Each structure stands twice: as structure tokens, then as C-alpha cells.
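Visitor: Got a predicted model here, sequence first, then my questions.
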Amino acid sequence: MNHFLDIHKTDPSALRSMIDQASSMKQARQGRPKGMPDDDQPLAGRMVAMIFEKPSTRTRVSFDVGVRQMGGQSMVLSGNDMQLGHGETIADTARVLSRYVDMIMIRTFDETVLTEMAEYADVPVINGLTDRTHPCQIMADVLTYEEHRGPIKGAQVVWAGDGNNVCASFLHAAGQFGFDMTFTGPAQLDPEEEFVGLARSKGSKIVIERDAMKAVEGADLVVADTWVSMHDAQSVRERRHNLLRAYQVNEALMAAAKPDALFMHCLPAHREEEVTSAVMDGPQSVIFDEAENRLHAQKAVMRWCLGL
């Protein structure tokens, strides 16, 4: 049994195996109807619980479809339905769910909910997102990059904007997959020093550069994410827009990167805020390949968690 809690907590050889398996499974499905099951049914007879304290489109649909394509069944549970951590402790919830299901995916706010769930569960637990990290997204991003440009090892990745949970998992991936990364954004929104240090300790070159145009010079990949959360108050939104306006990914910024640089965004995007529609819909954008690859990457993650 393996938990998939964070990229830096997973052996690099296991990560590589998951990316390679995801690519193989995707190729095997070429031309099939979306609802047709895989030839291989490793989750047959297995039940996966998916817990959502945060709303979701891509995570919910991609995990649900992935479970079904591999022959399993899924149940979707909301934090409100379960009173997670309120009416019952996380530890007791983990113990109970382990008697009913074969695997748990949880999308939550506080990282300690995830870690406590994994500590007390007798089945694999997958991090579907916390306020601190988003490892499944970055597995899809690595898969997407390698589909278009080959091995990500040695690549130059630039993160533009807020050093948030997705940025954190990109830093984890830099150390585990062997690429370099530049963060460009305001000092108030720098990524956590711990995560920067982890990547550097693995040999990755991590640079903080306030000038966005300078940051993207030589970039193989430029990545952005939303500037605001759906939960942010209007005053917070205005402050963050003022802080981040200089880090919008637009045509001029992409032109300063390598001519064949890719653009990624985990979606949903606020068009004309963190990125312009011209970039999102342009030839360098791979955002919809990236969204699709959540399905394939997570299928490989689930198989690895169950030793399949």
C-alpha cells in the first residue's frame, strides 16, 4: 500500500514509472469512446471514496472517469455530508472508511486533514489538493510537457504570479524530475522557503526574479494560475490584482521566452487577468491537453497506490 501525499514524499523512480504508465495507458485509449472501459481492469471489484471539502470540476470528473475506465466504482462524499473533523475526528473517519473502501482521494483545505487521514487509514490515501500542495496536477503537467517536448529533465520552467499550492508542487517536481525553475512574482507572494530549499537540495537551480520579462528569458515552459480564490473577499481581490498585474502572461511575455516555449495553466482561468485569451488560445498553449492528462496521470497514481 502506498499513499500519494506529495511529490517530494514519493520516490523519483516511482514518479517516473507513473508518468510512463500514464503515457502508455493514454496511447492505448486512442480512438476509443470516453465511456468504454480499458482492456485492462485493475480496479475491478474495488471501491474508491472521493471526499471533497473544496468544490471541483477537473479533479472530480477525472478521478471518477478514471476509476470507471479501470473497472472500479466510486462514491463522492462532501465535507458537509460527513462533518469531517467536526462531528467525528479525522482519525475515526479514516478508520471507518477503511472498512468500506479500497482507496481514498481527498480534496481539502488544511494539510493536516490529509496527513491525519493517511496516518489512520488502512487503505491508500491520495492528495487531490490541499491549501499547501497539488501533486496530481503537476503529474499531469509533467506528462503534458513530455508529450510535446520530450524529457523534462534539464528544462527551464518559469512560474509567473502567486507562489501558491500548485507552485509548491512544481518546486517539489523540480527536485524529483531534475528541472530548473524560476519564480517571478511579488515578494509578498513568494513560495515557501522550505519548498525552495527542498528543490535546491536535490540539485535544481531555483531563482527568484522580480522582473517578469527577465525571468522568462530561455524558458521552455511558462506556467500561471489564478490570482484569486472564489472564497476571497472583494478587498482581497483588488489588493492581489494590484500586486500581480505586472506578472500577467500575455503575448509580449511569451515572446520573451524561447520561441517554442509552452504555456500551462491548471484551470479554471480568469481570462484577461493572470493570462490573456490570446495566449490561452494561442499555438503555445497546451492547457486542454494538460486538463485531459489529469485523467491519465491519476489513473497511474491509483494503480501505483494499490500496487497494480
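Guide: Sure thing, it's come through. Numbers count the residues shown, from 1 in each chain.
Visitor: Show me the strands in the stretch 1-150 of the chain, by range?
Guide: For the stretch 1-150 of the chain, the strands defined by DSSP state E, counting those that start in this stretch occupy 47-52, 73-78, 103-107, 125-129.
Visitor: what's the angle from the third one to strand 73-78?
Guide: Read that as strand 103-107. Strand 103-107 and strand 73-78 are oriented at 30 degrees to each other (axes from the mean of the first three to the mean of the last three CA atoms, to 10 degrees).
Visitor: Strand 103-107 pairs with which strands?
Guide: strand 47-52 (parallel), strand 125-129 (parallel) (DSSP bridges).
Visitor: hey, which of these is tucked in deepest?
Guide: Among those, strand 125-129 has the highest mean neighbour count (mean count of other CB atoms under 10 Å), at a mean of 26. C-beta coordinates here come from the backbone N, C-alpha and C atoms, glycine included.
Visitor: For that strand, give the mean pLDDT please.
Guide: Averaging pLDDT along strand 125-129 yields 98.
Visitor: I'd like the distance from it to the chain centre, please.
Guide: Offset of strand 125-129 from its chain centre (CA atoms, centre = their mean, to the nearest Å): 10 Å.
Visitor: pLDDT below threshold where in the chain?
Guide: 83, 85, 230-233, 235 (pLDDT under 70).
Visitor: Do a quick rundown of the helices in it.
Guide: For the chain, the helices defined by DSSP state H occupy 12-28, 58-69, 79-82, 90-100, 111-120, 135-149, 165-177, 193-201, 212-215, 234-244, 251-256, 277-280, 287-305.
Visitor: ok, back up a step: would you turn the strands of the stretch 1-150 of the chain into CSV with distance to residue 214?
Guide: Below are the strands of the stretch 1-150 of the chain laid out as CSV (distance: least, CB to CB, whole Å):
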stretch, distance to residue 214
strand 47-52, 40
strand 73-78, 44
strand 103-107, 36
strand 125-129, 31
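Visitor: Show me the one of those strands that comes nearest residue 221.
Guide: strand 125-129 (21.0 Å; CB to CB).
Visitor: coming back round to it: and the helices of the chain, which is most packed in?
Guide: For these, the highest mean count by mean count of other CB under 10 Å goes to helix 165-177, at a mean of 26.
Visitor: what's that helix packed up against?
Guide: On a contact count with 3 or more CB pairs under 8 Å, 6 or more residues apart in numbering; DSSP states H and E, helix 165-177 meets helix 12-28, helix 135-149, strand 156-160, strand 180-184, helix 193-201, strand 221-224.
Visitor: Out of those, the one nearest residue 101 is which?
Guide: helix 135-149 (18.3 Å).
Visitor: can you tell me how far residue 98 sits from residue 119?
Guide: Distance, residue 98 to residue 119, using CB to CB, to the nearest Å: 12 Å.
Visitor: What of residue 297?
Guide: 25 Å.
Visitor: Distance to residue 111 added to the strands paired with strand 103-107, as JSON lines?
Guide: Shown next, in JSON lines, are the strands paired with strand 103-107 (distance: least, CB to CB, whole Å):
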{"stretch": "strand 47-52", "distance to residue 111": "14"}
{"stretch": "strand 125-129", "distance to residue 111": "9"}
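Visitor: Could you check those strands and tell me which one is nearest residue 307?
Guide: With CB to CB, the closest approach to residue 307 among those belongs to strand 125-129: 14.1 Å.
Visitor: just the angle between the closest one and helix 90-100, please?
Guide: 120 degrees.
Visitor: Report the angle between strand 125-129 and helix 287-305.
Guide: Angle, strand 125-129 to helix 287-305, by the same axes, to 10 degrees: 160 degrees.
Visitor: which outside residues touch strand 125-129?
Guide: Identification of contacts with strand 125-129 by CB atoms under 8 Å, 6 or more residues apart in numbering yields 3-6, 50, 52, 54, 56, 59, 63, 94, 103-108, 114, 117-118, 133-137, 165, 298, 301-302, 305.
Visitor: Columns distance to residue 159 on top of the helices of the chain, output as CSV?
Guide: As requested, the helices of the chain are arranged in CSV below (distance: least, CB to CB, whole Å):
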stretch, distance to residue 159
helix 12-28, 19
helix 58-69, 19
helix 79-82, 29
helix 90-100, 31
helix 111-120, 20
helix 135-149, 11
helix 165-177, 5
helix 193-201, 11
helix 212-215, 9
helix 234-244, 12
helix 251-256, 13
helix 277-280, 15
helix 287-305, 15
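Visitor: Ok, which of these comes nearest residue 43?
Guide: That would be, of these and by CB to CB, helix 58-69, which comes in at 6.0 Å.
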